[in-house]
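# the amino acid sequence is not available; the structure is as follows:
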Ligand SMILES: O=c1ccn([C@@H]2O[C@H](COP(=O)(O)O)[C@@H](O)[C@H]2O)c(=O)[nH]1
């Protein structure tokens, strides 16, 4: 269980990200998620700067490629000192095993990152699964199947919606992580997300960690929104 909400730093560049982080007390050690938009514009140097500031990093690059490429990518990432990173379970068991091998082969002078796998994106609906991915099983079956494959490959857990966390916990081992984006407060617009839950419902449904972007980054007072969500998570 990760004790703080993970804040998705979905900003385009270092300037926007730094202005946002200045709204938090400087001694507040955050767990932040760096996604593709920030990583592709600022690269590894900025990730290392965030680590030096005392933050834990979830580097969410959602790698999905042939096994050899993913292994080499993980070896490159392993030296950064990040805590968590992602691959797509759809890449297959062999790709996920190679990812783990790549991390294990890397340089761990700082911290060994955990790898978790994306199951079905929280922006995917049952309808989209059927009409676009041509999957005939239910969305929940697809998510649980990916979770079992991820565990088989030896990774630390999955990214799924909080709606699926409990069933994943029942289908996998005790320490297997169910990291859940798609978090919204009661009444908030879901936007592009399809499978959402509140922080309280997510905790009650056995989510291991919540990932929160716009409910914090676009709040009028981001630090206050963070504190509210953190308290909801702690108290549930
Ligand atoms: O299935 C997934 C995987 C990753 N994400 C990421 O989480 C955040 C959610 O942002 P919100 O603004 O809270 O919706 C974002 O960085 C996504 O890339 C996800 O939403 N779903």
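It's in. Just so we're clear, the structure is a prediction, and the values are computed from it rather than from any experiment. Residues are numbered from 1 along each chain as shown.
# residue numbers of the protein in contact with the ligand?
Selection of the chain residues close to the ligand by CB under 6 Å from any ligand atom yields 8, 10, 33, 35, 118, 121-122, 159, 181-183, 193, 211-215. Glycine gets a C-beta too; all of them are placed from N, C-alpha and C.
# weed out the non-buried ones from these.
8, 10, 33, 35, 118, 121-122, 159, 181-183, 193, 211-215 (16 or more other CB atoms under 10 Å).
# all strands of the protein, in order?
Applying DSSP state E to the chain gives strands spanning 6-8, 31-34, 56-63, 84-88, 114-118, 157-159, 177-180, 209-212.
# what mean pLDDT would you report for the last one?
So the one you mean is strand 209-212. The average pLDDT within strand 209-212 is 98.
# what comes into contact with it?
By CB atoms under 8 Å, 6 or more residues apart in numbering, the surrounding residues in contact with strand 209-212 are 1-2, 5-8, 31, 33, 58, 159, 162, 177, 179-181, 183, 199, 202-203, 226, 229, 233.
# that strand pairs with which strands, and in what direction?
According to DSSP bridges, strand 209-212 has the following sheet partners: strand 6-8 (parallel), strand 177-180 (parallel).
# would you mind giving these as JSON lines with mean pLDDT added?
Compiled in JSON lines, the strands paired with strand 209-212 are given as follows (pLDDT from 0 to 100):
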{"stretch": "strand 6-8", "mean pLDDT": "98"}
{"stretch": "strand 177-180", "mean pLDDT": "98"}
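# tell me the most buried of those?
Most buried of the strands paired with strand 209-212, by mean neighbour count (mean count of other CB atoms under 10 Å): strand 177-180, with a mean of 27.
# would you mind listing where the chain has pLDDT under the threshold?
Residues of the chain meeting the criterion pLDDT under 70: none.
# what are the boundaries of the helices in it?
Under the criterion DSSP state H, the chain contains helices at 14-21, 36-52, 67-77, 93-105, 126-131, 139-153, 165-171, 199-204, 214-217, 222-235.
# leaving out the residues flanking it, which one is nearest to residue 116?
residue 157 (4.5 Å; CB to CB, 6 or more residues apart in numbering).
# got the contact list for that neighbour?
Residue 157 neighbours (CB under 8 Å, 6+ apart): 114, 116, 117, 150, 176, 177, 178, 179, 208.
# and the residue nearest to the fifth one when sequence neighbours are not counted, how far is that from the ligand?
Read it as residue 176. Sequence neighbours aside, residue 157 is the residue nearest to residue 176 in space, at 5.1 Å (criterion: CB to CB, 6+ apart). According to CB to the nearest ligand atom, to the nearest Å, residue 157 stands 13 Å off from the ligand.
# which residues does residue 157 bridge with?
Note on residue 157: beta-bridge partners by DSSP bridges are residue 116, residue 177.
# use 38 as the first number for this chain going forward.
All right, first residue 38 from here; so that's residue 194.
# ok, it to residue 168 distance?
29 Å (CB to CB, to the nearest Å).
# swap in residue 251?
For residue 251 relative to residue 168 (CB to CB), the value is 27 Å.
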